[in-house]
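Chemist: Here is a sequence with its predicted model. Questions after.
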Amino acid sequence: MDITQERDGDVVVVRLMGRLNSSAAPAAEERLLAAVAGAAPSVAIDMSELSYISSAGLRVILVAAKKVQQEKGKLALGGLGANVREVFAATGFDTIITIAADAAAAIAAVR
C-alpha cells in the first residue's frame, strides 16, 4: 500500500494506492489522522488507484471521517473503483461518507 499526500489550496489530498487491508491499516490510519489534524480540515481521499479494501480499511476511513466531523471539517472520497464502491455500498458506508466520481469532484465537495 502506498499513501501520498499533497495540498490543493486549503484541501489536503490523500491518495491511497494498492490494497488497504489489515496489514496496511495501521500505517494508513496514522497517515490519515495526521492529514486531518487541525482546525476544520478539508480532506479529499483519492481512491482511484485503490484495488481492494477490507473491513480493517473501512475502519480506517470511518475513524478519519469521525475525526474530521469532530473538528467541524469536511471529508470526501473520490474515484472509487467498482470493487471498492461495492464494498462501500454493501456496508452502507456510502450513506454516511461523501463519495464523489473522481478526485477533482471530491476536492470540490470539501471546499
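Modeler: Looks like it arrived, so ask away.
Chemist: how many neighbours does the residue found closest to residue 24 once you drop the neighbours it is linked to in the chain have?
Modeler: Of all residues beyond its chain neighbours, the one nearest residue 24 is residue 1 (3.6 Å), with distances taken as CB to CB, 6 or more residues apart in numbering. C-beta coordinates here come from the backbone N, C-alpha and C atoms, glycine included. For residue 1, the neighbour count with other CB atoms under 10 Å is 18.
Chemist: where does residue 1 land on pLDDT?
Modeler: Residue 1 is assigned 92 on the pLDDT scale.
Chemist: go on, residue 73?
Modeler: In the predicted model, residue 73 carries a pLDDT score of 93.
Chemist: And the residue nearest the centre of the protein?
Modeler: When CA atoms, centre = their mean is applied to the chain, the residue found nearest the centroid is residue 45 (3.8 Å).
Chemist: what sits opposite that residue in the beta ladder?
Modeler: Partner residues in beta bridges with residue 45, using DSSP bridges, are residue 14, residue 77.
Chemist: Hmm, residue 77 and it touching each other?
Modeler: Yes: taking CB atoms under 8 Å as the contact criterion, residue 45 and residue 77 are neighbours in contact, 4.9 Å apart.
Chemist: shared neighbours, these two?
Modeler: Applying CB atoms under 8 Å, 6 or more residues apart in numbering, one finds that residue 45 and residue 77 are jointly contacted by 61, 106.
Chemist: quick one on the thing from earlier: wait, the residue nearest to residue 24 touches residue 22, no?
Modeler: No: here residue 1 does not reach residue 22: they are 11.0 Å apart, not a contact under CB under 8 Å.
Chemist: Does anything pack onto the lengthiest helix in the chain? Which helices or strands?
Modeler: When the chain is scanned for its longest helix (criterion: DSSP state H), the result is helix 55-70. Packing contacts for helix 55-70, counted by 3 or more CB pairs under 8 Å, 6 or more residues apart in numbering; DSSP states H and E, involve strand 11-20, helix 25-36, strand 42-53, strand 74-78, helix 82-91.
Chemist: give the contact list for the residue nearest to the centre of the chain.
Modeler: 13-16, 32, 61, 64, 75-78, 106.
Chemist: Export the residues you listed as TSV, with columns for distance to residue 49.
Modeler: Rendered in TSV, the data for these read as follows (distance: CB to CB, whole Å):
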residue	distance to residue 49
13	13
14	12
15	7
16	7
32	16
61	15
64	18
75	18
76	17
77	13
78	11
106	14
